[in-house]
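Visitor: this one's sequence-less:
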């Protein structure tokens, strides 16, 4: 039950505004912010290319990994992993421009979610579950904060008034405590048996 609540909260936080531009009607969540930053010339010139967009897209893939590593091997978990991977797929325009780096990155992040989620779901990581959960939490929190700070700087470069929204901050905190919450849920489940 904790896993379901945590995943739902994380998805809500991913969709809530990460940055707020008062007076400009621009309050993107994680997905929209990743897409906006992928169009920015500075992000296209980053090394590696589109690093900011990758950092903003990665949390959704990491949620799929959390589901795979934490959940029992049930059909519902597999469906959630597949749905999260589908949500990250690039638009159909990838067929006509398969070398577009933005589309390639979206496909790669969807593949990370699908493969990583099912590797965790398969149970091969069960002996390393706690370190993997902690690693996912740390990587997720760092990706959110780094991506949020960088995207905020990009918007300030356009002289847009920028405030940090609740979504990104809350998601970083949720990633930070996810390993602890899921470990406790797991140990509570084994003690009650």
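Guide: In hand now; what should we look at? Values in this document were obtained by computation on a predicted structure and should not be read as measured data.
Visitor: drop to CA atoms for contacts and neighbour counts, all remaining ones
Guide: Will do.
Visitor: which secondary structure elements does whatever helix or strand residue 136 lives in contact?
Guide: Using DSSP states H and E, residue 136 maps to helix 129-157. Using 3 or more Cα pairs under 8 Å, 6 or more residues apart in numbering; DSSP states H and E as the contact test, the elements touching helix 129-157 are helix 30-38, helix 51-70, helix 166-191.
Visitor: which of these is buried the deepest?
Guide: Sort those by mean neighbour count, taking mean count of other Cα atoms under 10 Å, and helix 51-70 sits at the top with a mean of 26.
Visitor: which SS state does the closest residue to residue 122 other than its chain neighbours fall under?
Guide: The shortest distance from residue 122 to any non-neighbouring residue, by Cα to Cα, 6 or more residues apart in numbering, is to residue 73 (6.9 Å). Of the three states, residue 73 takes coil according to DSSP: H, G, I helix; E, B strand; the rest coil.
Visitor: how close does the spatially most central residue of the chain sit to residue 167?
Guide: Nearest to the mean C-alpha position of the chain, by Cα atoms, centre = their mean, lies residue 59 at 1.4 Å. To residue 167, residue 59 is 12 Å away according to Cα to Cα, to the nearest Å.
Visitor: what do you get for residue 182?
Guide: Distance from residue 182 to residue 167, counting by Cα to Cα: 21 Å.
Visitor: Equivalent analysis for residue 43, please.
Guide: Counting by Cα to Cα, the gap between residue 43 and residue 167 amounts to 22 Å.
Visitor: Repeat that for residue 15.
Guide: 7 Å.
Visitor: okay, and the common contacts of the two?
Guide: 29-30 (Cα atoms under 8 Å, 6 or more residues apart in numbering).
Visitor: mind putting the helices and strands packed on helix 129-157 in JSON lines, distance to residue 104 and mean pLDDT included?
Guide: Shown next, in JSON lines, are these (distance: least, Cα to Cα, whole Å; pLDDT from 0 to 100):
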{"stretch": "helix 30-38", "distance to residue 104": "12", "mean pLDDT": "92"}
{"stretch": "helix 51-70", "distance to residue 104": "11", "mean pLDDT": "95"}
{"stretch": "helix 166-191", "distance to residue 104": "24", "mean pLDDT": "77"}
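Visitor: who wins for proximity to residue 124 among these?
Guide: Closest approach to residue 124 among the helices and strands packed on helix 129-157 (Cα to Cα): helix 51-70, 9.1 Å.
Visitor: Show me what that closest one packs onto, helices and strands only.
Guide: Judged by 3+ Cα pairs under 8 Å, 6+ apart, helix 51-70 is in contact with helix 2-15, helix 30-38, helix 41-44, helix 75-87, helix 101-122, helix 129-157.
Visitor: buried set for the fourth one?
Guide: By neighbour count with 16 or more other Cα atoms under 10 Å, helix 75-87 contains the buried residues 77-78, 80-82, 84-85.
Visitor: Could you pull up the mean pLDDT of that helix?
Guide: Helix 75-87 comes out with an average pLDDT of 94.
Visitor: The shortest one now?
Guide: Here the mean pLDDT over helix 41-44 is 88, rounded to a whole number.
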